[in-house]
Structure formats: structure tokens, C-alpha cells
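J.: my questions concern the predicted model and sequence given below.
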Amino acid sequence: SQQGEEDPQALSIQEGENATMNCSYKTSINNLQWYRQNSGRGLVHLILIRSNEREKHSGRLRVTLDTSKKSSSLLITASRAADTASYFCATDERAAGNKLTFGGGTRVLVKP
Amino acid sequence: DGGITQSPKYLFRKEGQNVTLSCEQNLNHDAMYWYRQDPGQGLRLIYYSQIVNDFQKGDIAEGYSVSREKKESFPLTVTSAQKNPTAFYLCASTHKGAGYTFGSGTRLTVV
């Protein structure tokens, strides 16, 4: 089953621009997490936002969470070519007992 | 350095063969997970273990088996019953409520 659905599926931007991607989910969550995956590699944890938080920042990353709409967004500001990767949201569902369910990902291409 | 190690990086399996993928962590994490990723797709949960000597099926457990005899180790066996095993396999570990640490993956191909 796929809890999170990312939008858009793919995104192409110029270096220096901002990249925004969205994630929607279906059930109540403990937290929502964002991960980055470079091609053919493992995933890297970027940021975790708990269900009682609305916004979180980490460096050039800004994550928002709207539990009433069951949605989250990830903003990457001042993008760099090194930000080219796939980005996944993952939800820790209240009923599921500490296991993450991942969405299909957004593929981001940052052109120099 | 603390981390999670998957081996081998590439694995080739003949039809009808069982193969075992290794996952070892030295992060002292209680929980460990196996995910499967198909090209251009997200991750699907195969099995997970929250404590030694205990594990649960995920969404796509059929054709796979695991063991958790040691806290550090969570090997995954892809059995001959798994009809479409070609995929990228990712192992992860975590403390409850924290982000996951992933290994670098094993790419399994049926030849």
C-alpha cells in the first residue's frame, strides 16, 4: 500500500531557483519524513516533522505539515546541481507501529 | 564510524536459486527493515524487526524470509518462490521515532 503520494513526479529547474514538492497521505501519522536518493544509492534522511509541528527548517530545506489536509511540502531554496536527486516522503502511521510507508518520489533535475 | 553495511553490492541469481543479502549495523539500533525498490518507483516494505528474535511481514513478504538472531544483523533470503526478484534491495535501521539510516543497497538480477 502506498500512503504518501508526491507531486509532481518530476521537476526540472535552473540552478539558483527554488524547488517545491508536495506529499499527500491518507491516515493519521506520528510523523512525516523526507529523504533524498541519488541515482543507484541508498536513501539519506533529510528532515522529520512531528504531527504537532507545522513547519521545520534545516539549512536550505523548509518542510511544512498540514494535518487537516493530510499534506506536506518540501522546499529547497537556492538549488544547486548537487541537489539533483529523487526526493521521497515517508509517513510513520499511528496504527502501523514504527514502520515507514514511502511515496513514489519526485525526481528533481537542477540544471547548471 | 557508525553505519549500516549491505553486501554484496551486486548479486546475480539463477532461476530456482535462493540467495541471501547481508545487512549489518553498528549503530545499536533496535529496529531494522528491508525494502524493495523497482526502477522509478518508491520503496515497498518486505520485512521488519523491532527487537532481536522477532520480525513481522511487511506489504510484500511472499517469497522472502528473514532472521534476527543478533541485534546487529538482519539478513534477507530471496527464495525461489519469489517470481520476480530483480530489484534494488535496501536495508535500514532506526531508533523508535527517529529517521532511518539506510545502507547503500544490493542490486539483485535474475540471469
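T.: That came through, no problem.
J.: how close does residue B:8 get to residue B:21?
T.: 8 Å (C-beta to C-beta, to the nearest Å). (Each C-beta comes from the backbone N, C-alpha and C, glycine too.)
J.: and residue A:29, by the same measure?
T.: Where residue B:21 is concerned, residue A:29 sits at a distance of 29 Å (C-beta to C-beta).
J.: and if you look at residue B:4?
T.: For residue B:4 relative to residue B:21 (C-beta to C-beta), the value is 13 Å.
J.: now residue A:78
T.: For residue A:78, the distance to residue B:21 - C-beta to C-beta - is 39 Å.
J.: more neighbours: the two, which one.
T.: residue B:21 (23 against 11; other C-beta atoms under 10 Å in any protein chain shown).
J.: what's the helix or strand for the more buried one?
T.: Residue B:21 is part of strand B:19-25 when elements are defined by DSSP states H and E.
J.: show the average pLDDT along that strand.
T.: Strand B:19-25 shows a mean pLDDT of 97.
J.: how about the residues of chain A that lie near chain B?
T.: A:1-2, A:30-31, A:33, A:35, A:40-45, A:48, A:88, A:90, A:92, A:97-105 (C-beta under 8 Å from any C-beta of the partner chain).
J.: only whichever of these are buried, select them in PyMOL.
T.: Buried members of the residues of chain A next to chain B, defined by 16 or more other C-beta atoms under 10 Å in any protein chain shown, are picked up in PyMOL with:
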select buried, chain A and resi 30+31+33+35+41+42+43+45+48+88+90+92+98+99+100+101+102+103+104+105
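J.: helices - which of the residues of chain A next to chain B land there?
T.: In helices, judged by DSSP state H, none of those are found.
J.: neighbours around the residue nearest to residue B:85 when sequence neighbours are not counted, how many?
T.: Closest residue to residue B:85 apart from its sequence neighbours, by C-beta to C-beta, 6 or more residues apart in numbering or on different chains: residue B:78 at 4.9 Å. Neighbourhood size, residue B:78 [other C-beta under 10 Å]: 25.
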